[in-house]
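In: quick one: sequence and predicted model below, then my questions.
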Amino acid sequence: MAEQVQELVAAVQGFTMEVRTLKAENSVLRQVVSARDPPPTDIPPMALSSGKFDGAPKKLKEFIEACMIHFAFRHHAYAAEQSRVGFMVSNMTGNALVWATLFVTRNDPVLRDFDGFLALLKQAFKRPKTTYGACEDLLAIHQGSTDLLTYITTFK
């Protein structure tokens with residue numbers, strides 16, 4: 001009987017050592033996991049507040065800003081430059097979509113270069129600075145029902 005008790009004590013001591021080892025490993029693993037970024041989630045893309053970009057020069061700035069805000073809050077989903085370009089193209093319509101389709105059908109390398117694509121987009125659809133355009137903008141100025149902060153940021 002004493003022999004069986006000694007065997008049980010030895011087994012318990014062995015189990016105790018294993019539990020301590022597992023606890024130490026678990027603690028290390030928890031630290032590693034907590035130090036990582038949260039895993040990306042499969043959140044479907046949101047509709048842009050500006051709507052789809054049709055190529056109207058007046059709407060270019062608003063479209064680009066809406067896309068940048070979208071990317072900022074979904075950085076895991078848009079880590080690759082090609083995914084950002086793809087999102088922008090998927091939110092185009094009209095003349096803008098016709099313009100972007102040329103790059104897509106040729107599998108142009110600019111589709112994998114976000115900054116390059118953005119530069120070409122701005123070049124193609126920027127509003128020309130003319131006296132007529134400036135006069136048109138001045139005549140269109142009105143605060144309307146928007147708050148002052150929104151009104152001011154439109155001109156930045």
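Out: On my side now, so go ahead.
In: next one: residue 72 from residue 120, what distance?
Out: For residue 72, the distance to residue 120 equals 22 Å [C-beta to C-beta, to the nearest Å]. C-beta: built from backbone N, CA, C; applies to glycine.
In: which one of the two has more residues nearby?
Out: A count of neighbours by other C-beta atoms under 10 Å puts residue 120 above the other of residue 72 and residue 120, at 16 against 9.
In: does the more buried one touch residue 109 like I think?
Out: No - Residue 120 sits out of contact with residue 109 when judged by C-beta atoms under 8 Å, with a separation of 11.6 Å.
In: can you check the pLDDT for the residue nearest the centre of the chain?
Out: Residue closest to the average C-alpha location in the chain (C-alpha atoms, centre = their mean): residue 71, at 2.3 Å. Reported pLDDT at residue 71 in the predicted model: 90.
In: mind listing what it touches?
Out: Listed by C-beta atoms under 8 Å, 6 or more residues apart in numbering, the contact set of residue 71 reads 78, 84, 87.
In: inside helices: which ones of the residues you listed?
Out: 84, 87 (DSSP state H).
In: from the contacts of residue 71, pick the one nearest residue 14.
Out: Here the nearest of these to residue 14, counting by C-beta to C-beta, is residue 78; it sits at 51.7 Å.
In: quick one: name whatever helix or strand follows the helix ranked longest in the chain.
Out: Criterion DSSP H: the longest helix present in the chain is helix 2-35. Sequence-wise, the next helix or strand downstream of helix 2-35 (DSSP states H and E) is helix 60-73.
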